[in-house]
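Q: pasting the sequence and the predicted model now:
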Amino acid sequence: MLQKRKRILDRNWSRIDEIMGEHLSDLQFSLDDVAAELYISPNYLRQLFKQASGQTFTEHLTEMRMKEAQRLLDDESLKIYEVAERTGYADSRYFSVCYKKYWHITPTDYRRTLQESG
């Protein structure tokens, strides 16, 4: 059974990542949206995700958002609140907390290290 689920996830993984990437800035985006686009049940997708990738949907979405946030922070013309909005966070303070939890540095300090190094 696990192998069947893994095959289904492998077959759809690039599409799942594509859907998630298209919706990084969507505040209301959820696993239900991906499941609807793939025509599978949300509970089944949740199980597929966890068993085949070792991550929950939320963990994977957070990872994608944090990587995109770091890329966007390299562009110093963008304000931190703009980076937050573009990565699905309405509250820039909450975004900063999540960013620090993920990268172990605040967005402001990350920017500071960029300025110092280059």
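A: Cool, got the structure. Numbers count the residues shown, from 1 in each chain.
Q: helices along the chain, start to end?
A: Secondary structure of the chain (DSSP state H): helices located at 2-22, 31-38, 42-53, 57-73, 80-86, 92-103, 107-117.
Q: hang on, isn't I16 packed against D33?
A: No - using CB atoms under 8 Å, I16 is not in contact with D33; the gap is 10.9 Å. Yep, even glycine has a C-beta here, placed from its N, CA and C like the rest.
Q: between these two, tell me which one has more neighbours.
A: Applying other CB atoms under 10 Å to I16 and D33 shows that I16 carries more neighbours, namely 21 against 16.
Q: so where's the chain shaky on pLDDT?
A: Residues of the chain that meet the criterion pLDDT under 70 lie in 1-2, 4-6, 8-9.
Q: what's stretch 14-28 in contact with?
A: Here stretch 14-28 makes contact (CB atoms under 8 Å, 6 or more residues apart in numbering) with 9, 29, 33-34, 37-38, 60-61, 64-65, 68, 85-90.
Q: in ChimeraX, how would I select the buried members of those residues?
A: Of the contacts of stretch 14-28, the buried ones go into a single ChimeraX selection, burial set by 16 or more other CB atoms under 10 Å:
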select :9,29,33,34,38,60,61,64,65,68,85,87,88,89
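Q: please report how far H104 lies from A84.
A: For H104, the distance to A84 (CB to CB, to the nearest Å) stands at 18 Å.
Q: between those two, who's got more neighbours?
A: Counted by other CB under 10 Å, H104 and A84 do not tie: A84 has more neighbours, with 25 against 9.
Q: leaving out chain neighbours, which residue sits closest to the more buried one?
A: Nearest residue to A84, sequence neighbours excluded (CB to CB, 6 or more residues apart in numbering): F95, at 3.6 Å.
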